[in-house]
Each structure stands twice: as C-alpha cells, then as structure tokens.
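# Could you look at this predicted model? Sequence included:
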Amino acid sequence: MICRVINFSVFIVILSVLSLFPESSKAQLTSPNPFCLPTCEVGDARLLSLTGGTNFNTFTPKENNLQIVVAPNSVEFSLGIFDGDSPGALIDGNWDLGVAGNFSYSVIIDPDKDNAGPVIFEIFATDLPNNDWADFSFPTSPQALDADGNYVYTLRIVLLDDVNTQNNFKVRSSDSLFLDEPFAVSGDFGSPLDIATVFPNSNLDDGIQAEDYAVSTYDGEICLFFQVPNEIAELTIWDADFDHGNQDGTDTDTDDQNTPNTIPDFAPPDSDAEPEGINPPAPFDDRTLTGESDFFNFTHRAPAVKYKVLFPDGREFENTNPSGNREWEQFVISSQTSNPNLTDFFTDDPIPEGLYQLCTIGLNMQNLVALRLPFPLVSGTGESPPVTPVPTISEWGLIAMAGVLGIIGLIAVRRRIRVSKI
C-alpha cells in the first residue's frame with residue numbers, strides 16, 4: 001500500500017516537472033479538438049472551394065481571408081491545411097478539379113481584422129501535400145493583440161493565375177476560425193481515389209452496381225455556423241448557383257419575390273453571376289436517373305436542393321427554393337414585416353443573439369455553391385459546435401499550477417515516508 005501511494009505521488013511530481021518544459025514548435029496540430037472549416041473529417045467530401053477561369057462558374061473572389069482569433073495569454077497557435085495542393089483533376093490525385101492552379105497561403109498579423117498586415121508565413125500549393133494535413137505552429141506576437149486581448153491573424157489564400165481550376169480544401173486551427181466574406185463550398189470528389197473514400201463499398205471493376213453507391217460518407221448535408229452577437233430585427237442570407245430544380249421540370253427555380261432582379265453589389269465584378277430571375281438549373285440538381293448503372297447515382301442526393309436555418313432557441317426556417325443557375329438570391333427572416341415582397345418568413349419574436357446553424361439538404365455532389373452570411377462563418381470542432389473564444393489559463397498559469405502540484409506531490413511523498421517509519 002505504501003509503495004503504491006509513493007509511486008502515485010512520484011508520478012505527480014514527474015508529470016509536474018515535465019510540464020515545466022514547453023514543447024518545441026511542431027509541424028503537427030496538438031489540439032485534441034481543433035477548430036475546422038468546413039469540417040474536420042478528411043473523408044466526408046465537405047470542402048471549401050476556390051475557383052477561377054472561364055469554365056467554372058465563379059461567384060466569390062479568387063481569394064479567401066480566414067481570421068484566426070487566438071485566446072488571450074496564449075504563447076502559440078497552430079494552423080493546418082488539408083489538401084492544399086491544387087494539381088487539377090488527376091487520376092491519382094484527390095478532391096481538386098480543372099487544371100493545376102497556382103495558389104499561395106499566407107499568414108498575416110491582423111488585429112484590425114481588415115485583411116492587411118505584415119506577412120509572417122507564406123507557402124504555395126506546390127509545397128503542400130495531396131489528401132493530407134500540413135500543420136504549422138506560430139508563436140503569438142504582441143503586434144497581433146486586439147482591443148479585447150485576443151491575438152488576431154488572417155490566413156489569406158489566393159489564386160495567383162487565371163486558369164480553369166477548383167481548389168477544394170479544409171482548414172483547421174488550435175483556435176477559432178472566422179470567414180467574413182462570400183465563400184464557396186461543395187460536396188466533391190475529383191478522382192477514382194476519392195470515390196473509393198466517399199463510397200467505401202464501391203468496386204467498379206465489374207461496372208456500376210447499386211451496392212457501389214449504397215453507402216456514402218456524404219449525404220447531401222453540409223452544416224455551417226454563424227454567431228449573431230445581439231438581438232436583431234431581420235436576418236438575411238444570400239445563396240448563389242444552387243441549381244435548384246429537377247430534370248423532369250418539377251420543383252424548379254422561380255423568380256424570388258423579395259430579391260431584386262439584379263446582381264448584388266458584393267458580387268465580384270469579374271464573376272459569372274447573372275441577374276436574379278427564373279434561372280433553370282444547369283446542370284440539374286437532381287437528374288433523371290436511367291438505372292442503377294447510371295454514373296450520376298454517385299452524385300445524386302434527393303430532394304431538390306434546399307437549406308434550413310436553425311435558431312439558438314430551437315426555431316427552424318427552411319428555404320425550399322434557393323437560387324437557380326448563376327444567380328444570387330436572398331433568404332429573409334423578419335420580425336418587422338410579413339410582406340412577401342420583403343421577406344420569406346415573418347416571426348413574432350425578434351432574431352435572438354446566439355449560435356445559428358445553416359444546413360444544406362439534398363446538395364448533390366459536384367454542385368459548387370456560394371453563400372454570403374449576415375455574420376462571419378464560424379468554425380466547428382470535430383466533437384462539438386463552435387464556441388465563442390473566452391480567456392483561458394495562460395501557459396505560465398499552467399506552469400505555476402504544475403509547480404504547486406509538484407510541491408504538493410513532494411510533501412505527500414515525505415509525509416507518507418515519515419508515517420511509514422513510525
């Protein structure tokens with residue numbers, strides 16, 4: 001018994017002493033539950049997308065600026081990029097489409113959150129792995145402190161040339177990620193290797209059979225989060241190029257009553273957007289399948305694409321007719337008016353503060369769509385929805401706590417030994 005008590009106490013001392021030595025910088029994310037956009041799971045086919053060129057209908061700028069908000073008193077943060085290469089559609093590649101694209105990934109100090117500041121790190125797509133995470137660690141800098149004591153950085157991803165390319169990727173970090181601009185997402189595969197991942201039972205050696213696509217890691221649902229900081233009267237979400245509609249002509253796009261028949265001001269001037277109106281899907285969101293051997297069984301996800309918005313108080317609103325081909329449409333939830341020319345849904349109660357969720361339903365694979373949220377897109381984790389970052393115990397605080405535990409352990413050891421001698 002005495003031996004066990006002494007061993008346990010010695011274990012506490014050793015653990016405490018080891019914690020006094022900070023880890024060196026590693027090219028690996030050490031957080032057990034990293035923050036991810038759009039998801040953490042590498043094989044679920046849910047991806048952020050950057051596109052360019054004339055053969056891809058582009059609705060977002062040729063760059064993404066993702067803010068990393070690091071908790072106060074942190075001494076370092078980690079950042080990871082999944083499938084950051086962009087070789088185009090290759091038979092032995094993964095996830096990307098089109099031709100090879102020249103993308104840069106830069107980390108800048110950005111306490112003003114204006115996507116401007118000194119660059120502390122830059123890497124190019126050609127230096128990033130295919131179908132794997134590349135993780136980097138950075139020490140925090142006083143230059144990055146904002147008014148709330150957080151360290152703020154921006155990951156800027158830019159397409160540097162004008163080629164027909166679609167770069168599909170994920171981002172993760174030890175701290176919260178935010179994306180406050182129009183962005184594109186897709187449920188995608190780019191090669192036979194991806195099909196084997198997304199459809200684990202697939203075996204195309206004998207042609208396409210129903211069992212090849214019966215089981216999939218992608219069900220047409222991509223869930224995204226945003227945080228409303230305080231109570232508001234109206235919520236507006238913009239969606240683009242959802243290609244809503246079936247090939248048989250049912251449940252197709254309509255002229256949205258409360259969206260102007262124009263291109264919104266926020267659309268990039270060189271985008272492929274067209275004025276809102278009746279814009280039938282191209283390609284069809286849900287094709288008419290010709291049988292179980294039809295390749296489009298792999299991409300098809302019923303019903304005709306739509307999405308729902310989940311409020312923090314449990315209310316749920318569904319946009320059953322989002323945008324058609326190459327147009328932006330708005331989806332409005334209002335507590336001010338029930339006029340259908342101004343809103344899609346009227347609610348008696350104001351729009352509360354809190355965490356909101358937008359989930360696509362029936363989003364076909366290889367249907368690239370764009371969104372503009374009313375507040376920044378917020379990262380979730382592999383285990384739970386996102387949370388607003390709050391101050392945490394600093395590493396120096398943890399070291400001090402470790403020292404206290406070490407002293408307590410030593411005292412316990414000496415006490416037990418003394419008792420055993422009596």
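The structure has been received and is ready for your questions. Numbers count the residues shown, from 1 in each chain.
# How many residues are close by S293?
Using other C-beta atoms under 10 Å as the criterion, S293 is surrounded by 12 other residues. Where you see a C-beta, it was placed from the backbone N, CA and C, and this is true even at glycine.
# oh sorry, the question was meant for V69
Counted with other C-beta under 10 Å, the burial measure for V69 works out to 23 neighbours.
# ok, then the element right after the helix or strand containing it?
Assessed by DSSP states H and E, V69 sits inside strand 63-70. In the C-terminal direction, the helix or strand that comes right after strand 63-70 (DSSP H and E) is strand 76-82.
# So L79 sits against F136, correct?
Yes. Using C-beta atoms under 8 Å, L79 is in contact with F136, at 5.3 Å.
# any common contacting residues for those two?
Among the neighbours of L79, those also in contact with F136 (C-beta atoms under 8 Å, 6 or more residues apart in numbering) are V107.
# So the two - more neighbours on which side?
Remark: of L79 and F136, L79 carries more neighbours, 24 against 18, as counted by other C-beta under 10 Å.
# measure that one to W133 for me?
Using C-beta to C-beta, to the nearest Å, we find L79 at a distance of 10 Å from W133.
# Please apply the same query to T58.
The spacing between T58 and W133, counted by C-beta to C-beta, is 26 Å.
# Looking at those two, which has the bigger crowd around it?
Neighbours per residue, other C-beta under 10 Å: of T58 and W133, the larger number sits with T58, 27 against 20.
# Quick check: that one touching T51?
Yes. At 4.7 Å, T58 counts as touching T51 under the criterion of C-beta under 8 Å.
# in the stretch 1-150 of the chain, which spans are strands?
35-37, 46-52, 63-70, 76-82, 97-98, 103-109, 119-124, 133-139 (DSSP state E, counting those that start in this stretch).
# The ones you listed: which one's closest to D344?
D344 lies closest, by C-beta to C-beta, to one member of the strands of the stretch 1-150 of the chain: strand 46-52, at 25.6 Å.
# Mind listing the strands the closest one pairs with, and their directions?
Note on strand 46-52: by DSSP bridges, its sheet partners are strand 165-173 (antiparallel), strand 183-187 (antiparallel).
# Mind listing the strands whatever helix or strand comes next after the longest one pairs with, and their directions?
The helix or strand immediately downstream of strand 165-173 is strand 176-179, counting by DSSP H and E. Each strand that strand 176-179 pairs with, and the sense of that pairing, follows from DSSP bridges: strand 63-70 (antiparallel), strand 377-378 (antiparallel).
# and strand 176-179, what's its mean pLDDT?
pLDDT averaged over strand 176-179 equals 98, rounded to a whole number.
# Give me the three-state assignment for L193.
Reduced to three states with DSSP: H, G, I helix; E, B strand; the rest coil, the structure at L193 is helix.
# which non-adjacent residue is nearest it?
Closest residue to L193 apart from its sequence neighbours, by C-beta to C-beta, 6 or more residues apart in numbering: N94 at 5.6 Å.
# so S174 makes contact with A71?
No. The pair formed by S174 and A71 falls short of the contact definition of C-beta under 8 Å, at 9.1 Å.
# unless I'm mixing things up, V75 is touching F138, no?
No. Distance between V75 and F138: 10.2 Å, which falls outside the contact criterion (C-beta under 8 Å).
# Between the two, tell me which one has more neighbours.
Set V75 next to F138 and count neighbours by other C-beta under 10 Å: F138 wins out with 19 against 12.
# right, and that one touches I109 too?
No. With contact taken as C-beta under 8 Å, F138 and I109 are classed as non-touching, separated by 10.0 Å.
# any shared contact partners between these two?
With contacts defined as C-beta under 8 Å, 6+ apart, the residues adjacent to both F138 and I109 are 120, 153.
# average pLDDT for the helix or strand hosting W328?
Under DSSP H and E, the secondary-structure element containing W328 is strand 328-334. For strand 328-334, the mean pLDDT works out to 98.
# Following element in sequence after that strand, please.
strand 345-346.
# other SSEs contacting the following helix or strand past that following strand?
Using DSSP H and E, the next helix or strand after strand 345-346 towards the C-terminus is strand 354-361. When contacts are defined as 3 or more C-beta pairs under 8 Å, 6 or more residues apart in numbering; DSSP states H and E, strand 354-361 packs onto strand 223-228, strand 306-310.
# how about the CA coordinates for strand 354-361, as CSV?
The C-alpha trace of strand 354-361 is given here as CSV (Å, rounded to 0.1, in the frame of the first residue of the first chain):
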residue,chain,number,x,y,z
GLY,A,354,-26.6,33.2,-30.2
LEU,A,355,-25.2,30.5,-32.4
TYR,A,356,-27.0,29.7,-35.7
GLN,A,357,-26.7,26.7,-38.0
LEU,A,358,-27.3,26.6,-41.7
CYS,A,359,-27.6,23.0,-43.2
THR,A,360,-28.0,22.2,-46.8
ILE,A,361,-30.4,19.4,-47.7
